[in-house]
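Enquirer: coords below, sequence missing:
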(Lines give C-alpha, C1' and ligand atoms only; values in the text may rest on other atoms or scores of the structure.)
Protein backbone atom coordinates (compact mmCIF):
# COMPACT_ATOMS: atom_id res chain seq x y z
CA UNK A 1 0.00 0.00 0.00
CA UNK A 2 1.50 3.35 -1.01
CA UNK A 3 1.73 6.45 1.19
CA UNK A 4 -1.30 8.20 -0.32
CA UNK A 5 -3.62 5.24 0.17
CA UNK A 6 -2.33 4.71 3.70
CA UNK A 7 -3.10 8.32 4.53
CA UNK A 8 -6.57 7.94 3.02
CA UNK A 9 -7.17 4.82 5.10
CA UNK A 10 -6.06 6.45 8.33
CA UNK A 11 -7.80 9.77 7.89
CA UNK A 12 -11.12 8.91 6.22
CA UNK A 13 -12.34 5.37 7.00
CA UNK A 14 -14.20 4.24 10.11
CA UNK A 15 -11.56 2.63 12.34
CA UNK A 16 -13.60 0.17 14.38
CA UNK A 17 -10.68 -1.33 16.38
CA UNK A 18 -9.89 2.13 17.73
CA UNK A 19 -13.56 2.88 18.42
CA UNK A 20 -13.88 -0.36 20.36
CA UNK A 21 -10.62 0.33 22.24
CA UNK A 22 -11.85 3.80 23.22
CA UNK A 23 -15.23 2.33 24.19
CA UNK A 24 -13.50 -0.34 26.30
CA UNK A 25 -11.40 2.35 27.99
CA UNK A 26 -14.59 4.34 28.60
CA UNK A 27 -16.06 1.20 30.17
CA UNK A 28 -13.08 0.89 32.54
CA UNK A 29 -13.10 4.62 33.35
CA UNK A 30 -16.80 4.76 34.13
CA UNK A 31 -16.74 1.49 36.07
CA UNK A 32 -14.33 3.19 38.45
CA UNK A 33 -16.43 6.35 38.58
CA UNK A 34 -19.62 4.39 39.27
CA UNK A 35 -18.04 2.87 42.36
CA UNK A 36 -18.33 6.25 44.07
CA UNK A 37 -22.17 6.42 44.26
CA UNK A 38 -22.32 2.62 44.61
CA UNK A 39 -20.49 2.70 47.96
CA UNK A 40 -22.69 5.46 49.42
CA UNK A 41 -24.81 3.08 51.53
CA UNK A 42 -21.59 1.60 52.99
CA UNK A 43 -19.88 4.88 53.93
CA UNK A 44 -23.13 6.55 55.04
CA UNK A 45 -23.57 3.99 57.82
CA UNK A 46 -19.86 3.66 58.61
CA UNK A 47 -19.24 7.41 59.03
CA UNK A 48 -22.78 8.53 59.97
CA UNK A 49 -23.08 10.82 56.95
CA UNK A 50 -26.22 12.81 56.15
CA UNK A 51 -27.84 12.94 52.72
CA UNK A 52 -26.44 16.47 52.41
CA UNK A 53 -22.89 15.15 52.91
CA UNK A 54 -23.54 12.39 50.37
CA UNK A 55 -24.68 15.08 47.95
CA UNK A 56 -21.51 17.11 48.65
CA UNK A 57 -19.32 14.10 47.83
CA UNK A 58 -21.11 13.79 44.49
CA UNK A 59 -20.90 17.55 43.94
CA UNK A 60 -17.13 17.56 44.54
CA UNK A 61 -16.61 14.62 42.22
CA UNK A 62 -18.82 16.00 39.46
CA UNK A 63 -17.46 19.54 39.66
CA UNK A 64 -13.88 18.25 39.42
CA UNK A 65 -15.02 16.15 36.47
CA UNK A 66 -16.70 19.11 34.77
CA UNK A 67 -14.83 22.36 35.37
CA UNK A 68 -11.69 21.48 33.40
CA UNK A 69 -13.37 19.76 30.47
CA UNK A 70 -14.10 22.79 28.25
CA UNK A 71 -10.53 24.06 28.76
CA UNK A 72 -9.07 20.63 28.00
CA UNK A 73 -11.21 20.46 24.85
CA UNK A 74 -10.29 23.99 23.74
CA UNK A 75 -6.58 23.29 24.21
CA UNK A 76 -6.62 19.94 22.41
CA UNK A 77 -8.54 21.46 19.47
CA UNK A 78 -5.43 23.57 18.91
CA UNK A 79 -2.78 21.11 20.10
CA UNK A 80 -3.89 17.45 20.11
CA UNK A 81 -2.44 15.46 23.01
CA UNK A 82 -2.41 11.77 22.05
CA UNK A 83 -1.24 10.50 25.45
CA UNK A 84 -3.37 12.77 27.65
CA UNK A 85 -5.89 9.96 28.21
CA UNK A 86 -3.27 7.80 29.92
CA UNK A 87 -2.26 10.79 32.06
CA UNK A 88 -5.88 11.36 33.07
CA UNK A 89 -6.29 7.72 34.04
CA UNK A 90 -3.23 8.07 36.30
CA UNK A 91 -5.10 10.76 38.29
CA UNK A 92 -8.01 8.33 38.56
CA UNK A 93 -5.69 5.57 39.82
CA UNK A 94 -4.27 7.79 42.58
CA UNK A 95 -7.76 8.93 43.62
CA UNK A 96 -9.03 5.35 43.74
CA UNK A 97 -6.22 4.20 46.02
CA UNK A 98 -6.74 7.26 48.23
CA UNK A 99 -10.49 6.59 48.48
CA UNK A 100 -9.93 3.03 49.68
CA UNK A 101 -7.90 4.30 52.66
CA UNK A 102 -9.94 7.44 53.43
CA UNK A 103 -10.99 7.65 57.07
CA UNK A 104 -12.65 11.07 57.11
CA UNK A 105 -15.23 13.00 55.13
CA UNK A 106 -12.69 15.54 53.85
CA UNK A 107 -10.25 12.83 52.72
CA UNK A 108 -13.12 11.32 50.73
CA UNK A 109 -13.74 14.70 49.10
CA UNK A 110 -10.08 14.95 48.06
CA UNK A 111 -10.09 11.38 46.73
CA UNK A 112 -13.20 11.80 44.58
CA UNK A 113 -11.81 15.14 43.32
CA UNK A 114 -8.75 13.27 41.96
CA UNK A 115 -10.99 10.71 40.25
CA UNK A 116 -13.06 13.56 38.82
CA UNK A 117 -9.95 15.32 37.51
CA UNK A 118 -8.97 12.16 35.67
CA UNK A 119 -12.42 12.07 34.12
CA UNK A 120 -12.20 15.72 33.04
CA UNK A 121 -9.03 14.93 31.10
CA UNK A 122 -10.39 11.68 29.65
CA UNK A 123 -13.75 12.64 28.14
CA UNK A 124 -13.06 15.59 25.78
CA UNK A 125 -10.01 14.06 24.11
CA UNK A 126 -11.56 10.57 24.03
CA UNK A 127 -14.58 12.07 22.27
CA UNK A 128 -12.23 13.78 19.79
CA UNK A 129 -10.53 10.46 19.11
CA UNK A 130 -13.90 8.76 18.56
CA UNK A 131 -14.81 11.58 16.15
CA UNK A 132 -11.47 11.11 14.36
CA UNK A 133 -12.03 7.36 14.00
CA UNK A 134 -15.66 7.76 12.85
CA UNK A 135 -14.98 8.05 9.11
CA UNK A 136 -17.95 10.42 8.92
CA UNK A 137 -20.32 8.12 10.87
CA UNK A 138 -20.29 10.48 13.85
CA UNK A 139 -23.48 9.32 15.51
CA UNK A 140 -22.43 5.67 15.39
CA UNK A 141 -18.96 6.53 16.72
CA UNK A 142 -20.35 8.49 19.66
CA UNK A 143 -22.83 5.72 20.44
CA UNK A 144 -20.07 3.11 20.52
CA UNK A 145 -18.04 5.43 22.74
CA UNK A 146 -21.01 6.06 25.05
CA UNK A 147 -21.92 2.37 25.14
CA UNK A 148 -18.69 1.54 26.91
CA UNK A 149 -19.20 4.29 29.47
CA UNK A 150 -22.81 3.42 30.21
CA UNK A 151 -22.09 -0.30 30.50
CA UNK A 152 -19.18 0.52 32.82
CA UNK A 153 -21.49 2.68 34.93
CA UNK A 154 -23.89 -0.24 35.26
CA UNK A 155 -21.15 -2.53 36.57
CA UNK A 156 -20.32 -0.34 39.57
CA UNK A 157 -23.37 -1.18 41.71
CA UNK A 158 -23.07 -4.89 40.91
CA UNK A 159 -19.36 -4.94 41.81
CA UNK A 160 -20.14 -2.98 44.96
CA UNK A 161 -22.81 -5.53 45.96
CA UNK A 162 -20.43 -8.45 45.33
CA UNK A 163 -17.18 -7.00 46.65
CA UNK A 164 -17.40 -3.69 48.52
CA UNK A 165 -20.47 -4.42 50.67
CA UNK A 166 -19.13 -7.79 51.95
CA UNK A 167 -15.46 -6.75 52.27
CA UNK A 168 -15.72 -3.08 53.15
CA UNK A 169 -14.35 0.22 51.89
CA UNK A 170 -10.72 -0.97 51.77
CA UNK A 171 -11.63 -3.42 48.98
CA UNK A 172 -11.95 -0.41 46.62
CA UNK A 173 -8.16 -0.64 46.15
CA UNK A 174 -8.61 -3.91 44.24
CA UNK A 175 -10.14 -1.91 41.40
CA UNK A 176 -6.83 -0.13 40.81
CA UNK A 177 -6.07 -3.06 38.48
CA UNK A 178 -8.80 -1.73 36.20
CA UNK A 179 -7.09 1.67 36.05
CA UNK A 180 -3.76 0.05 35.18
CA UNK A 181 -5.34 -1.91 32.32
CA UNK A 182 -6.96 1.30 31.04
CA UNK A 183 -3.60 3.12 31.10
CA UNK A 184 -2.06 0.41 28.90
CA UNK A 185 -4.96 0.44 26.40
CA UNK A 186 -5.02 4.24 26.23
CA UNK A 187 -1.29 4.35 25.54
CA UNK A 188 -1.90 2.18 22.44
CA UNK A 189 -4.82 4.39 21.37
CA UNK A 190 -2.60 7.44 21.82
CA UNK A 191 -0.04 5.96 19.44
CA UNK A 192 -2.76 5.50 16.77
CA UNK A 193 -4.06 9.03 17.28
CA UNK A 194 -0.56 10.46 16.92
CA UNK A 195 -0.34 8.71 13.54
CA UNK A 196 -3.80 9.99 12.60
CA UNK A 197 -2.84 13.61 13.32
CA UNK A 198 0.33 13.13 11.26
CA UNK A 199 -1.77 11.75 8.38
CA UNK A 200 -4.09 14.77 8.48
CA UNK A 201 -1.14 17.13 8.36
CA UNK A 202 0.27 15.19 5.39
CA UNK A 203 -3.01 15.85 3.56
CA UNK A 204 -2.93 19.53 4.49
CA UNK A 205 -5.71 19.26 7.08
CA UNK A 206 -4.93 20.69 10.49
CA UNK A 207 -8.40 19.96 11.87
CA UNK A 208 -10.95 17.19 11.61
CA UNK A 209 -13.44 18.01 8.87
CA UNK A 210 -16.94 18.96 9.99
CA UNK A 211 -20.37 19.55 8.56
CA UNK A 212 -21.16 23.22 7.96
CA UNK A 213 -24.44 25.15 8.05
CA UNK A 214 -25.73 28.67 7.38
CA UNK A 215 -27.25 29.56 10.76
CA UNK A 216 -26.58 32.98 12.26
CA UNK A 217 -24.49 33.28 15.42
CA UNK A 218 -27.59 34.32 17.38
CA UNK A 219 -29.46 31.21 16.29
CA UNK A 220 -26.48 28.96 17.15
CA UNK A 221 -26.28 30.47 20.65
CA UNK A 222 -30.03 30.00 21.10
CA UNK A 223 -29.82 26.35 19.99
CA UNK A 224 -26.86 25.65 22.30
CA UNK A 225 -28.81 27.20 25.21
CA UNK A 226 -31.74 24.84 24.53
CA UNK A 227 -29.37 21.86 24.36
CA UNK A 228 -27.86 22.82 27.72
CA UNK A 229 -31.35 23.09 29.26
CA UNK A 230 -32.12 19.61 27.93
CA UNK A 231 -28.85 18.37 29.47
CA UNK A 232 -29.98 19.97 32.75
CA UNK A 233 -33.28 18.07 32.73
CA UNK A 234 -31.64 14.78 31.78
CA UNK A 235 -28.84 14.90 34.34
CA UNK A 236 -30.87 16.29 37.25
CA UNK A 237 -33.22 13.37 36.74
CA UNK A 238 -30.28 10.99 36.33
CA UNK A 239 -28.80 12.33 39.60
CA UNK A 240 -31.94 11.34 41.49
CA UNK A 241 -31.61 7.78 40.21
CA UNK A 242 -27.86 7.18 40.27
CA UNK A 243 -27.27 8.76 43.70
CA UNK A 244 -30.50 8.03 45.57
CA UNK A 245 -32.34 5.17 43.89
CA UNK A 246 -30.80 2.62 46.26
CA UNK A 247 -31.99 4.66 49.26
CA UNK A 248 -35.41 5.07 47.63
CA UNK A 249 -36.09 1.34 47.22
CA UNK A 250 -34.60 0.58 50.65
CA UNK A 251 -36.77 3.22 52.34
CA UNK A 252 -40.01 2.60 50.43
CA UNK A 253 -39.91 -1.19 50.07
CA UNK A 254 -37.58 -2.26 52.91
CA UNK A 255 -35.12 -4.19 50.71
CA UNK A 256 -31.50 -4.89 51.69
CA UNK A 257 -28.49 -2.87 50.51
CA UNK A 258 -27.41 -5.62 48.13
CA UNK A 259 -30.91 -5.94 46.64
CA UNK A 260 -31.06 -2.18 46.14
CA UNK A 261 -27.75 -2.36 44.25
CA UNK A 262 -29.25 -4.98 41.92
CA UNK A 263 -32.15 -2.63 41.11
CA UNK A 264 -29.67 0.18 40.41
CA UNK A 265 -27.76 -2.23 38.16
CA UNK A 266 -30.97 -2.98 36.22
CA UNK A 267 -31.46 0.74 35.61
CA UNK A 268 -27.86 1.34 34.56
CA UNK A 269 -27.65 -1.68 32.28
CA UNK A 270 -30.86 -0.44 30.62
CA UNK A 271 -29.01 2.78 29.87
CA UNK A 272 -26.16 0.77 28.34
CA UNK A 273 -28.63 -1.24 26.23
CA UNK A 274 -30.30 1.90 24.88
CA UNK A 275 -27.10 3.82 24.16
CA UNK A 276 -26.59 2.44 20.64
CA UNK A 277 -30.01 3.68 19.53
CA UNK A 278 -29.48 7.45 19.49
CA UNK A 279 -26.31 7.80 17.41
CA UNK A 280 -26.95 5.63 14.33
CA UNK A 281 -30.67 6.47 14.24
CA UNK A 282 -29.72 10.15 14.37
CA UNK A 283 -27.37 9.57 11.42
CA UNK A 284 -30.36 8.34 9.41
CA UNK A 285 -33.40 10.39 10.47
CA UNK A 286 -31.88 13.47 12.11
CA UNK A 287 -30.59 14.28 15.61
CA UNK A 288 -33.50 16.55 16.53
CA UNK A 289 -36.08 13.78 16.35
CA UNK A 290 -33.93 11.46 18.46
CA UNK A 291 -33.42 14.19 21.08
CA UNK A 292 -37.15 14.87 21.15
CA UNK A 293 -38.05 11.21 21.69
CA UNK A 294 -35.24 10.40 24.12
CA UNK A 295 -36.08 13.12 26.66
CA UNK A 296 -39.82 13.74 26.27
CA UNK A 297 -40.45 10.01 25.69
CA UNK A 298 -39.16 9.31 29.20
CA UNK A 299 -41.89 11.47 30.80
CA UNK A 300 -44.81 8.95 30.99
CA UNK A 301 -42.66 6.33 32.71
CA UNK A 302 -41.00 8.87 35.02
CA UNK A 303 -44.39 10.22 36.12
CA UNK A 304 -45.60 6.70 36.96
CA UNK A 305 -42.48 5.63 38.87
CA UNK A 306 -43.26 7.25 42.28
CA UNK A 307 -46.64 5.46 42.41
CA UNK A 308 -45.38 1.98 41.44
CA UNK A 309 -44.89 -1.03 43.73
CA UNK A 310 -41.55 -2.86 43.87
CA UNK A 311 -42.30 -5.09 40.87
CA UNK A 312 -43.43 -2.24 38.64
CA UNK A 313 -40.56 -0.07 39.85
CA UNK A 314 -38.21 -2.73 38.46
CA UNK A 315 -40.19 -2.76 35.20
CA UNK A 316 -40.45 1.03 34.74
CA UNK A 317 -36.74 1.76 35.24
CA UNK A 318 -35.96 -0.33 32.13
CA UNK A 319 -37.75 1.92 29.55
CA UNK A 320 -36.68 5.01 31.50
CA UNK A 321 -33.03 3.99 31.18
CA UNK A 322 -33.26 2.82 27.57
CA UNK A 323 -35.12 5.87 26.23
CA UNK A 324 -33.10 8.40 28.23
CA UNK A 325 -29.82 6.81 27.10
CA UNK A 326 -30.25 7.76 23.46
CA UNK A 327 -30.22 11.48 24.25
CA UNK A 328 -26.59 12.32 24.92
CA UNK A 329 -24.96 10.94 21.77
CA UNK A 330 -27.53 12.74 19.62
CA UNK A 331 -27.16 16.01 21.58
CA UNK A 332 -23.37 15.90 21.42
CA UNK A 333 -23.15 15.21 17.68
CA UNK A 334 -25.87 17.81 16.99
CA UNK A 335 -23.82 20.40 18.92
CA UNK A 336 -20.59 19.38 17.12
CA UNK A 337 -22.32 19.95 13.79
CA UNK A 338 -23.81 23.21 15.08
CA UNK A 339 -20.31 24.51 15.96
CA UNK A 340 -18.07 22.97 13.27
CA UNK A 341 -14.31 22.69 13.80
CA UNK A 342 -14.56 22.74 17.62
CA UNK A 343 -15.00 19.06 18.43
CA UNK A 344 -12.90 19.14 21.61
CA UNK A 345 -14.43 22.36 22.93
CA UNK A 346 -17.99 21.18 22.31
CA UNK A 347 -17.28 17.76 23.83
CA UNK A 348 -15.66 19.35 26.89
CA UNK A 349 -18.48 21.85 27.30
CA UNK A 350 -21.26 19.27 27.11
CA UNK A 351 -19.54 16.53 29.10
CA UNK A 352 -18.50 19.13 31.68
CA UNK A 353 -21.97 20.66 31.89
CA UNK A 354 -23.54 17.21 32.15
CA UNK A 355 -21.26 16.20 35.03
CA UNK A 356 -21.71 19.59 36.69
CA UNK A 357 -25.49 19.34 36.53
CA UNK A 358 -25.31 15.82 37.91
CA UNK A 359 -23.19 17.03 40.83
CA UNK A 360 -25.29 20.11 41.60
CA UNK A 361 -28.44 18.05 41.22
CA UNK A 362 -27.16 15.43 43.64
CA UNK A 363 -26.24 18.05 46.25
CA UNK A 364 -29.57 19.90 45.98
CA UNK A 365 -31.60 16.69 45.95
CA UNK A 366 -29.68 15.38 48.97
CA UNK A 367 -30.53 18.54 50.88
CA UNK A 368 -34.16 18.24 49.76
CA UNK A 369 -34.24 14.61 50.94
CA UNK A 370 -32.95 15.65 54.39
CA UNK A 371 -35.60 18.38 54.58
CA UNK A 372 -38.50 16.27 53.33
CA UNK A 373 -38.14 12.61 52.35
CA UNK A 374 -36.47 10.52 49.67
CA UNK A 375 -39.89 9.68 48.19
CA UNK A 376 -40.72 13.39 47.85
CA UNK A 377 -37.53 13.86 45.82
CA UNK A 378 -38.68 11.26 43.30
CA UNK A 379 -42.11 12.89 43.04
CA UNK A 380 -40.50 16.26 42.21
CA UNK A 381 -37.99 14.83 39.73
CA UNK A 382 -40.63 12.90 37.81
CA UNK A 383 -41.66 16.14 36.06
CA UNK A 384 -38.18 16.98 34.74
CA UNK A 385 -38.45 15.04 31.43
CA UNK A 386 -41.32 17.33 30.40
CA UNK A 387 -38.66 19.98 29.69
CA UNK A 388 -38.02 17.92 26.54
CA UNK A 389 -40.82 19.94 24.91
CA UNK A 390 -38.19 22.63 24.28
CA UNK A 391 -36.68 20.38 21.59
CA UNK A 392 -39.33 21.77 19.24
CA UNK A 393 -37.40 25.07 19.10
CA UNK A 394 -34.19 23.46 17.78
CA UNK A 395 -33.37 24.13 14.09
CA UNK A 396 -33.14 21.20 11.67
CA UNK A 397 -29.44 20.99 10.82
CA UNK A 398 -30.01 18.28 8.22
CA UNK A 399 -31.93 20.76 6.03
CA UNK A 400 -29.16 23.34 6.22
CA UNK A 401 -26.10 21.20 5.36
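Expert: Okay, I see it. The structure displayed is predicted, hence computed values, not measured ones.
Enquirer: Surely residue 161 touches residue 262?
Expert: Yes: if you go by CB atoms under 8 Å, residue 161 and residue 262 touch, sitting 6.4 Å apart. From N, CA and C alone the C-beta is placed, and that goes for glycine too.
Enquirer: The two: who's more crowded?
Expert: residue 161 (22 against 16; other CB atoms under 10 Å).
Enquirer: pLDDT score assigned to the closest residue to that one other than its chain neighbours?
Expert: The spatially closest residue to residue 161, leaving aside those adjacent along the chain, is residue 261, at 3.8 Å (CB to CB, 6 or more residues apart in numbering). pLDDT, residue 261: 81.
Enquirer: Residue 261: which element?
Expert: Using DSSP states H and E, residue 261 maps to helix 257-285.
Enquirer: Likewise for residue 135?
Expert: Using DSSP H and E, no helix or strand contains residue 135.
Enquirer: what's the burial count for the spatially closest residue to residue 252 that is not a sequence neighbour?
Expert: Using CB to CB, 6+ apart and skipping the chain neighbours, the partner closest in space to residue 252 is residue 375 (6.0 Å). Residue 375 sits with 12 neighbouring residues when counted by other CB under 10 Å.
Enquirer: looking at it, residue 375 is touching residue 305, isn't it?
Expert: No: with contact defined as CB under 8 Å, residue 375 and residue 305 do not form a contacting pair (10.7 Å).
Enquirer: which neighbours do those two share?
Expert: Shared contacts of residue 375 and residue 305 (CB atoms under 8 Å, 6 or more residues apart in numbering): none.
Enquirer: which stretches of the stretch 101-250 of the chain have low pLDDT?
Expert: Applying pLDDT under 70 to the stretch 101-250 of the chain flags the ranges 203-214.
Enquirer: Name all residues that make contact with residue 361.
Expert: Contacts of residue 361 (CB under 8 Å, 6+ apart): 235, 236, 238, 239, 240.
Enquirer: What helix or strand is the residue nearest to residue 252 located in?
Expert: Per DSSP H and E: helix 374-381 holds residue 375.
Enquirer: tell me which strands and helices that helix is in contact with?
Expert: Using 3 or more CB pairs under 8 Å, 6 or more residues apart in numbering; DSSP states H and E as the contact test, the elements touching helix 374-381 are helix 217-253, helix 343-371.
Enquirer: Pull out the buried residues from it.
Expert: 374, 377, 378, 381 (16 or more other CB atoms under 10 Å).
Enquirer: can I get those in a markdown table with pLDDT and distance to residue 146?
Expert: Shown next, in a markdown table, are these (pLDDT from 0 to 100; distance: CB to CB, whole Å):
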| residue | pLDDT | distance to residue 146 |
| --- | --- | --- |
| 374 | 91 | 29 |
| 377 | 92 | 26 |
| 378 | 94 | 25 |
| 381 | 92 | 22 |
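Enquirer: quick check, nearest of those to residue 267?
Expert: residue 378 (12.7 Å; CB to CB).
Enquirer: Put together CSV for the contacts of residue 361, with distance to residue 14 on each row.
Expert: Below are the contacts of residue 361 laid out as CSV (distance: CB to CB, whole Å):
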residue, distance to residue 14
235, 29
236, 34
238, 29
239, 34
240, 37
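Enquirer: residues contacting residue 301?
Expert: 316, 319, 320, 323.
Enquirer: tell me the two of the residues you listed that are most distant?
Expert: 316 and 323 (11.1 Å).
Enquirer: and these two? which has more neighbours close in?
Expert: residue 323 (25 against 20).
Enquirer: Could you find the closest non-adjacent residue to residue 273?
Expert: residue 322 (5.8 Å).
Enquirer: Is that neighbour in a helix, a strand, or coil?
Expert: Of the three states, residue 322 takes helix according to DSSP: H, G, I helix; E, B strand; the rest coil.
Enquirer: Run a quick neighbour tally on it.
Expert: 22.
Enquirer: Surely residue 69 and residue 346 touch.
Expert: No: here residue 69 does not reach residue 346: they are 10.5 Å apart, not a contact under CB under 8 Å.
Enquirer: contacts for stretch 291-300?
Expert: By CB under 8 Å, 6+ apart, stretch 291-300 touches 230, 233-234, 237, 278, 319-320, 323-327, 330-331, 334, 385-389, 391-392, 394.
Enquirer: Then stretch 173-193?
Expert: By CB under 8 Å, 6+ apart, stretch 173-193 touches 15, 18, 21-22, 24-25, 28-29, 31-32, 35, 80, 82-86, 89-90, 92-93, 96-97, 100-101, 129, 132, 159, 163.
Enquirer: and with 7 Å instead?
Expert: Stretch 173-193 has contacts (CB atoms under 7 Å, 6 or more residues apart in numbering) with 18, 21-22, 24-25, 28-29, 31-32, 35, 82-83, 85-86, 89-90, 92-93, 96-97, 100, 129, 132, 163.
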